[in-house]
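Peer 1: let's see this in three dimensions:
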Amino acid sequence: MRSALLLVDFQHDFLAGPRLTPHREALIAAAARALAGFRAVAAPVFHVVTTVQEPGHALPHWQSRGLTRCLPGTPGHTSPEPLTPSPTEPVFHKRGYSGCEDPRLVAALRAAGVQRVHLCGVHLRACLRGTAIDLALAGFDVVLVDEACGDDDPVHGTIARDWLLTRFGRNESLSQVLETLSLGDCTAGASDREVTPVLAGVSSTTPLARTWHHSPANGEPLFEVELQRESEIQAATRRCRTARGDWHKTPIRQRVELLLKVAEAVARQSEPLARQITRETGKPIVDSRLEVTFGVALMRDVCGRVGEAIAADSGPGWQLLRRPQGTLAIITPWNNPLAIPLGKLAPALVHGNAVAWKPAPAGWGLARALASVFAEQGLPHGLVTLISGDRQTVELLIRDAAIDAVSLTGSEAAGLSCQLECLRRAIPFQGELGGNNAAVVWDPVDGEMALQQTARGAFGAAGQRCTANRRLIVPRGELERVLNRLAEITGTLPWGDPEAEETVIGPVINAASRDRLTALINRTRQAGHRVLVPHGQENGTPRRDPRGAYVAPVLVVCDDPEAEVVQEESFGPLLVIQPAEHWNHALELCEGVRQGLVAALWSNSANRQHEFLDRVRVGMVKFNQSTAGATAAAPFGGWKHSGVGPFEHGLADREFYTRLQTHYSPSEISVPSGSERA
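Peer 2: Residues are numbered from 1 along each chain as shown. Predicted structure coming up:
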């Protein structure tokens, strides 16, 4: 099938939107990579731009708002240099939304023998949507190139994308598109395969396709992950609902006893589970052991809280109870493939729910190992059902009518999509969506400790944890001293083989993440920001396998609070240092991002601590310690774009995994089996 690339409205007037998602620079870079890939194999490339001959010819909503955009000959009408059309690439003009407004576009695609059109551009809710619809109606297969499609209204952009994917097109990541091009195969189909159970007690489904997960340390293939069918997802959720019928009537004490048995079994297998985490995710072995310990602590804390005496809220003829949500969809990431699932599964099950669990593809191997532990300890068959797949699988799962609530730990984009679907279905959603966490170092009693902990908080586990230190804010007068000392400290942190006991910084999760981070670092340099690579001279660290997904720890000094490297969560070994002119400026910088998971202040001033609490809008505040890490018994969650719904862990668990129900009766009310008094 002959494919073409169509770039829509990559013009400065549209790319200047303050809320453009992905960030302008990331969007341009992704589109430029797609463009280079198509040019490299001499595949057809077409461009569509909006051209308004004079202000009076603009669409009514522009005229009503007094907007003057896309006038020929103005800078706003042009494209960024990496996306400038070549002399051989046709350019089509439109006044409104659809690129097919110019009938020559469809004619040119057909003349080139094109059957599939890969779309990149701005904006999803309008011009990309209109173009995709018209192309589909004209008989073309439409593919949205995920990272290269943006919108300055993320909510409506997400709605439009999801709407398109259920009707007219499909979605592919940039890496999928480039891989298909490199193979010279644009068919990208999938064949049916026979069903074989994954393991006893865990459901398996017929795959549409498979994807490989490779070792982050050396690139070797580790396991395949199946992408499952909608019909099989539906069958899996029905099995969950059936299993829940007896489980939620089981006395709470029996549920607690079973979950404690699972916790003890995980503790007994801590070393092999830790080594599996390291092998499959690249997390240093010391951190993997800590993850297993933390996961067990989460389970024990949940079980201990349920066993506590809870005073009933009641009145004459009524009482308040907590009932299970029902059948839950739990979506977990790869960066903590054991602790995060246990932190969701344990409260879900203890409170009487069933779970359809969709781990990230890179966490599939560890998920199967955990499912085996649950099954071996006597968990009822079907109560926890594993579902394998990708983002499309998640979307199918949460649309399933059998799902009563959704808990997700993942990216902001994934959280927005899931939140909108849950809103449409009027079901509860809990989302932990990452952080862009800042530490402010301001007259600390121990500045050396502040820098030591910040470096470990930023670069430990290659910066792939939601609480990692992403930003460090310091007085401008202290910048050079802090930067030099941070570089020295970072250079002493062992970077290399994650299975080595001394390693602090291992590889990132895969080659795609490595390439994404490398591209971000290159764009940051090109933007004129200072970039330091403390491990550039090796500094005696262990040798790294060139086949692995290794990214050297990077320090960036950035004065621009709107820069991509400041505003976007890098999720890698990258620390941004932001110099502040004064204390109020430091607070403004700390608060100047849309995320709000955790923030730290290094200062012994009680007045500064109180002001920090008052002005910084985050879910967790730390004093004189790194942003990284959490305690099992403490509620965990974020504000702003970092969190939706109730917090996780500790006392917060009951707020999501149960719902309130008031019972009225003229006589004394008996508590239903398996229920909890509120």
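Peer 1: domain parsing of the protein, as residue ranges.
Peer 2: Following automatic domain parsing, one gets these domains for the chain: 3-183, 207-245+324-432, 437-637.
Peer 1: pLDDT on the first one, on average?
Peer 2: What that stands for is domain 3-183. Domain 3-183 carries an average pLDDT of 93.
Peer 1: okay, now it: how far is its last residue from its first?
Peer 2: Domain 3-183 has an end-to-end distance of 13 Å (C-alpha to C-alpha, to the nearest Å).
Peer 1: the longest one too?
Peer 2: Chord length of domain 437-637, first to last residue, is 13 Å (C-alpha to C-alpha).
Peer 1: chain center to it, what's the gap?
Peer 2: The chain centre lies 19 Å from the centre of domain 437-637; the measure is C-alpha atoms, centre = their mean, to the nearest Å.
Peer 1: the first one now?
Peer 2: In terms of C-alpha atoms, centre = their mean, the centre of domain 3-183 is set 25 Å apart from its chain centre.
Peer 1: quick one, which of the domains of the chain is nearest to Val644?
Peer 2: Of all those, domain 207-245+324-432 sits nearest to Val644, with 4.1 Å by C-beta to C-beta. The C-beta positions use only the backbone N, C-alpha and C, and glycine is treated the same way.
Peer 1: for the residue lying closest to Arg239 once chain neighbours are set aside, which three-state class applies?
Peer 2: Among residues not flanking Arg239 along the chain, Gly382 sits closest, at 4.0 Å (C-beta to C-beta, 6 or more residues apart in numbering). Secondary structure, DSSP: H, G, I helix; E, B strand; the rest coil: Gly382 is coil.
Peer 1: quick revisit: nearest to Phe656 among the domains of the chain would be which one?
Peer 2: Closest among the domains of the chain, using C-beta to C-beta: domain 207-245+324-432, at 4.8 Å.
Peer 1: average pLDDT for stretch 522-541?
Peer 2: Here the average pLDDT along stretch 522-541 is 82.
Peer 1: one more: stretch 555-563?
Peer 2: Rounded mean pLDDT across stretch 555-563 is 97.
Peer 1: re the thing from before, how near is the residue nearest to Arg239 to Val373?
Peer 2: 16 Å (C-beta to C-beta, to the nearest Å).
Peer 1: quick revisit: mean neighbour count added to the domains of the chain, as CSV?
Peer 2: Formatted as CSV, the domains of the chain follow (neighbours: other C-beta atoms under 10 Å):
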stretch, mean neighbour count
domain 3-183, 18
domain 207-245+324-432, 21
domain 437-637, 20
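Peer 1: so what's Val49 up against?
Peer 2: Counting by C-beta atoms under 8 Å, 6 or more residues apart in numbering, Val49 makes contact with Asp9, Phe10, Gln11, Cys70, His77, Ser79, Val91, Phe92, His93, Lys94.
Peer 1: do the same with Cys120
Peer 2: Counted by C-beta under 8 Å, 6+ apart, Cys120 has contacts Leu5, Leu6, Leu7, Val8, Phe10, Ala30, Ala31, Ala34, Leu35, Val145, Ala148, Cys149.
Peer 1: out of those residues, who's nearest Gln63?
Peer 2: Val8 (22.1 Å).
Peer 1: which strand residues bridge the closest one?
Peer 2: Val48, Gly121 (DSSP bridges).
Peer 1: so it touches Leu119, yeah?
Peer 2: Yes - contact criterion C-beta atoms under 8 Å: Val8 and Leu119 qualify, at 6.6 Å.
Peer 1: common neighbours of those two, please.
Peer 2: Leu128, Thr131.
Peer 1: residues contacting Arg659?
Peer 2: Arg322, Arg323, Pro324, Gln325, Pro428.
Peer 1: switch the cut-off to 7 Å
Peer 2: Contacts for Arg659 (C-beta atoms under 7 Å, 6 or more residues apart in numbering) come out as Arg323, Gln325.
Peer 1: grab the nearest non-local neighbour of Gly17.
Peer 2: Asp152 (3.0 Å).
Peer 1: Leu20 is in contact with the one you found, correct?
Peer 2: Yes - counting by C-beta atoms under 7 Å, Asp152 sits close enough to Leu20 to count as a contact (4.7 Å).
Peer 1: so who does Leu408 touch?
Peer 2: Leu408 neighbours (C-beta under 7 Å, 6+ apart): Ile331, Ala414, Gly415, Cys418, Gly431.
Peer 1: for beta bridges, what are the partners of the last one?
Peer 2: Read that as Gly431. Leu408, Val644.
Peer 1: pretty sure it contacts Gln419?
Peer 2: Yes - Gly431 is in contact with Gln419 according to C-beta under 7 Å; the separation is 6.2 Å.
Peer 1: who touches both of the two?
Peer 2: The overlap between the contact sets of Gly431 and Gln419 (C-beta under 7 Å, 6+ apart) consists of Val644.
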